[in-house]
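K.L.:
For reference, the sequence and a predicted model appear below.
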Amino acid sequence: MPLALKKSGRKARNSYTRASAPVKKSSGGSKVRAGGVIAGIFRRLKGFSGLKSLAALAVLLTCLGLILAGVCYSSLWLYNKAITSDFFTTRHVDVTGNVRLSHDMVLQYGGIREGDNSLAVSIAKVERNLRKTPWVEEVSVKRLLPDRFVIRLKERLPSFWVHKDGVLYYANELGEIIAPVESKNFLSLPTLRVDPGAEDALPYLTRLMKGMQSGLLPIEAGAVSSVSVSPGKGIEIYLEDREMRLSIATDDWEGNLSRLSLTLGDLARRHELRNVREIRSVNGNVWVLLNQPA
């Protein structure tokens, strides 16, 4: 039997009603797609056709050109202001590592002067100019704004004089020519002669110089007037003040040098060096040649 409603219109206690479904609210807002300015403009250009599209493109390119021109003009204006400003005037140029070259010579060869605008100086050009000089082996230039430069050099140090084509040159410890001997950079050094076929013995010149500097060979470098390199005698040293020659064979160099050093020390203790004309250290032996009696 169906459930009945009361006459007053109220629902019966046990009556059932269908629940109304919830209504979904609409989000309503439109989504905005992000894009670049240039991409958005080109999308708008697609909506045009014919002359309108070309005109809009021309306007766009003109605007971009004006912007680039403005940036370039501003950069040039700032650069010109900087290179003419007293704030960037070069007041200090520090030079380190120079031995043969004076401070003024380094600045002259490098093409840099105190008073120049530091921003207008090309570091690459200064380094290139200094490397062209025969005395400079390595160089680095550093700019310290607003008014300072630091130049670090490694010079080629001369150890000998070498005659070539009638000209006297400075040469390094390997006999490689550096620069002509001039009065402004004069330095008295031993004369080096290399006989044909003795080129393989040139590296022993470096070991000879190190031996004299360390005291392993008890000879002052200033007492050496000439050095000869030959296939037969190896390295030959002439001491002009004593009129004495010392020969060191390159085979077993360390042994020959040590034996020669011991012999020189022994002769000096016995005060017999003044009677010696030549000492040869070769094949594990030391030969002492005395002056012939008058």
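P.N.:
On my side now, so go ahead.

K.L.:
residue ranges for the helices of this structure, please.
P.N.:
Ranges of helices within the chain are 37-47, 51-83, 103-110, 123-132, 203-214, 253-269, based on DSSP state H.

K.L.:
residues in contact with V71?
P.N.:
Residues counted as contacts of V71 (CB atoms under 8 Å, 6 or more residues apart in numbering): none. For the C-beta atoms, the positions are set from N, CA and C on the backbone; glycine is no exception.

K.L.:
want to try a markdown table for the helices of the chain, with distance to S228 as columns?
P.N.:
Formatted as a markdown table, these follow (distance: least, CB to CB, whole Å):
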| stretch | distance to S228 |
| --- | --- |
| helix 37-47 | 78 |
| helix 51-83 | 57 |
| helix 103-110 | 33 |
| helix 123-132 | 33 |
| helix 203-214 | 11 |
| helix 253-269 | 16 |
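
K.L.:
how about L202, what does it touch?
P.N.:
L174, G175, V194, V229.

K.L.:
Just the buried ones among these, please.
P.N.:
Neighbour-count burial (16 or more other CB atoms under 10 Å) is assigned, among these, to G175, V194, V229.

K.L.:
Keep only those of the residues you listed that are in strands.
P.N.:
Counting by DSSP state E, the buried ones among the contacts of L202 place V194, V229 in strands.

K.L.:
from the buried ones among the contacts of L202, which is closest to L144?
P.N.:
Nearest to L144 among these, counting by CB to CB, is G175 at 39.4 Å.

K.L.:
Find me the pLDDT at that closest one, would you?
P.N.:
At G175, the model reports a pLDDT of 93.

K.L.:
Can you verify my assumption that it contacts V162?
P.N.:
Yes. In this structure G175 lies within contact range of V162 using CB atoms under 8 Å: 6.6 Å.

K.L.:
quick one on the thing from earlier: CSV please, covering the buried ones among the contacts of L202 and showing distance to I235.
P.N.:
Output for these, formatted as CSV (distance: CB to CB, whole Å):
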residue, distance to I235
G175, 12
V194, 11
V229, 6
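
K.L.:
which of the buried ones among the contacts of L202 lies closest to L68?
P.N.:
G175 (59.3 Å).

K.L.:
Contacts only, for the closest one.
P.N.:
F160, V162, L192, V194, L202, L205, V229.

K.L.:
Identify the bridge partners of the first one.
P.N.:
According to DSSP bridges, A171 are recorded as the beta-bridge partners of F160.

K.L.:
I figured it hits V229, correct?
P.N.:
No. The criterion here is CB under 8 Å, and F160 misses it with V229 at 10.6 Å.

K.L.:
Now list whatever residues contact both of the two.
P.N.:
Joint contacts of F160 and V229 (CB under 8 Å, 6+ apart) are G175, L192, L205.

K.L.:
For the second one, list each beta-bridge partner.
P.N.:
In this case it means L192. Beta-bridge partners of L192, as defined by DSSP bridges: V227.
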